[in-house]
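J.: Okay, here's the prediction I keep looking at, along with the sequence it came from:
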Amino acid sequence: MGQKFTIARLVVGGERFEIMINPDKALDYKLGKPVSISQLLVYETIFKDVSKGERASEEKLRKVFGTTDPLKIAKTIVDRGEIQLTTEQRRKLIEDKKRQIINFISRHCVDPKTGLPHPPLRIEQAMAEAHVSIDPYKDAEEQAKQVIQALRPILPLKVENVELEVVIPSKYAYAAYSTLRNFGAVKREQWQADGSLKAVVEIPAGLQPSFVEKLASLTKGSAHVKKI
């Protein structure tokens, strides 16, 4: 066969169902890109065992899926089952997930001695030193919380949020408001008679330097930020 393919598999009640899929299209689909089931299928056939060329019986398909429509069944298999990834795909997924985890730790944790976030490179080095393994499918935030525990013997980490009181002149208040919400939770806001904004924002401690820098840039240095 000239076209490369991999297998998606779903086991239900001890019964195995497999389909032949294009690995790149299947990965795009799993990542939420606009790919139809027909695009990722190599053959519109539901197998019991691809390697042996054994097709699943229509009786089993109706019993398990309530239909014999290969596209509907294939969607269930891809959505709920396991997809065999190529080596390169797995490497890329793990690398992307690792970056998400590093970003989460850098945003939400600080060095308790300095109160500042650790540089991403230092976090990455600590992860390598701690031999942290990354699950390409598991939620990055959920994994990050486990990684933080694994890193603590190597890297001092403190999960911390800070509350900042922000005063923004009327000239920049409306434009800067979305920035406040993007960085964290606006706990209180008071729009003054002159159009200026006074607010209390809770953000991850690791974001404080970039938050202050962003506001300074937006307001030409006229915003006032104070830790409560």
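T.: Nice, thanks for sending it over.
J.: can you give me phi and psi for A199?
T.: Backbone dihedrals for A199, given as degrees, to the nearest 10, come out at phi -140, psi 160.
J.: quick one: buried residues of stretch 46-57?
T.: For stretch 46-57, burial by neighbour count (16 or more other CB atoms under 10 Å) applies to I46, F47, V50, A56. Quick note: C-beta positions are derived from backbone N, CA and C, even for glycine.
J.: Among those residues, which one sits closest to G184?
T.: Of all the buried residues of stretch 46-57, G184 sits closest to I46, with 48.0 Å by CB to CB.
J.: so what's the nearest residue to that closest one once chain neighbours are set aside up against?
T.: Once flanking residues are discounted, I46 sits nearest to A56: 4.7 Å by CB to CB, 6 or more residues apart in numbering. Residues counted as contacts of A56 (CB atoms under 8 Å, 6 or more residues apart in numbering) are E15, F17, I46, F47, K48.
J.: List the contacts of the second one.
T.: Taking CB under 8 Å, 6+ apart, we find F17 in contact with R9, L10, V11, I46, F47, K48, A56, L61, V64, I73, I77, G81.
J.: Which residue is the nearest non-sequential neighbour of the residue nearest the centre of the chain?
T.: Closest residue to the average C-alpha location of the chain: A140 at 5.1 Å, with CA atoms, centre = their mean. Excluding its sequence neighbours, the residue lying closest to A140 (CB to CB, 6+ apart) is Q100, at 3.7 Å.
J.: for G13, same thing?
T.: V64 (7.1 Å).
J.: Which secondary structure state does that neighbour sit in?
T.: The three-state assignment at V64 reads helix, by DSSP: H, G, I helix; E, B strand; the rest coil.
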